[in-house]
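Novice: my questions concern the predicted model and sequence given below.
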Amino acid sequence: MNYLSHNISVNLQNIRKSKGMSLDQVAEQTGVSKSMLAMIERDDANPSIGVLGKIISGLRISLDDLTKSPTDDTYLVDVSKLEPTKDVPGQYRVWTCFPIADNSILEIYRIEVEPGGVYRSGAHGEHTREYISPIEGTLTIAVGDRTWTLSDTECFRFESDRAHTYSNTGDKKAVFISFFLAY
C-alpha cells in the first residue's frame with residue numbers, strides 16, 4: 001500500500017457514495033469494469049493513468065479529487081505493508097508514513113539503522129525542523145560539527161537546513177520516528 005493508491009481508494013468510494021451510485025453504475029458511466037473499480041476501492045489495485053482518465057471523465061471530477069488526502073479524520077499506517085522509500089541493505093531503511101504532500105507542513109518517517117549503519121541526509125532547506133523520537137536502540141545524530149547520542153527514552157529537535165547524519169554504533173538495530181516540519 002502507498003499513500004497515493006490509498007487516497008484514490010478512499011476518495012473513489014466517497015465520491016461514488018456521495019453521488020448515490022453503485023459500482024455497476026460507475027462502471028457503466030466510466031467504461032472501467034466493476035471488478036477493477038472494486039479492486040481500486042479495496043486498495044488492491046494500482047490504477048493506470050488511462051483508468052484514472054476514464055474515471056475522472058466519466059464521473060466529471062478532477063484528478064485532484066481522486067488523489068488529494070481524504071478528509072477522513074483517521075488514517076492507520078502499517079509499516080509492515082509499506083515498501084521502503086529508501087533501502088540500503090546492511091545500512092538503513094526509510095518508510096514515508098505521512099508525506100508532506102498530505103498537508104504541506106509535516107512529514108513523518110520511520111527509519112531503521114542497522115548496527116554499524118550510517119544514513120546521511122542532505123539539508124532540507126530553510127525553515128525546516130526535524131524532531132527525532134527513538135523507539136529502539138541507540139542513535140547518534142551529527143549536525144554540523146556537533147553530535148548527540150540518543151536512547152529510546154529521549155527526543156531531539158534540530159534545524160534541518162543543513163546536512164546531518166544518523167549512525168548506529170550499538171549492537172542492535174536503531175529504530176526511530178522522524179517528524180519533519182516546514183515552517
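Specialist: Received the coordinates, thanks. Numbers count the residues shown, from 1 in each chain.

Novice: so who does the closest residue to residue 130 other than its chain neighbours touch?
Specialist: Distances taken as C-beta to C-beta, 6 or more residues apart in numbering put residue 160 closest to residue 130, at 4.1 Å, once the chain neighbours are dropped. Where you see a C-beta, it was placed from the backbone N, CA and C, and this is true even at glycine. Residue 160 sits next to 121, 123, 124, 128, 129, 130, 180 when contact means C-beta atoms under 8 Å, 6 or more residues apart in numbering.

Novice: residues in contact with the first one?
Specialist: If I follow you right, that is residue 121. Listed by C-beta under 8 Å, 6+ apart, the contact set of residue 121 reads 160, 163, 164, 165, 166.

Novice: circling back to that earlier point, which of the contacts of residue 160 count as buried?
Specialist: 121, 124, 128, 130, 180 (16 or more other C-beta atoms under 10 Å).

Novice: cross those against strands and list the overlap.
Specialist: 121, 128, 130, 180 (DSSP state E).

Novice: which stretches of the chain form helices?
Specialist: Assigned helices in the chain, in chain order: 3-18, 23-30, 34-41, 49-59, 63-67 (criterion: DSSP state H).

Novice: nearest to residue 105, out of those?
Specialist: Closest to residue 105 of those is helix 3-18 (C-beta to C-beta; 15.5 Å).

Novice: what score does the residue lying farthest from the centre of the chain have for pLDDT?
Specialist: Computed with C-alpha atoms, centre = their mean, the residue of the chain farthest from its C-alpha average is residue 28, at 33.2 Å. Listed pLDDT for residue 28 reads 95.

Novice: repeat for residue 72
Specialist: Reported pLDDT for residue 72: 63.

Novice: quick one: contacts for residue 170?
Specialist: Applying C-beta under 8 Å, 6+ apart, we find residue 170 in contact with 115, 137, 138.

Novice: thinking again about what came up before, which among the contacts of residue 121 gets closest to residue 88?
Specialist: residue 166 (12.1 Å).

Novice: you'd agree the closest one is up against residue 119?
Specialist: Yes - judged on C-beta atoms under 8 Å, residue 166 makes contact with residue 119 at a distance of 4.5 Å.
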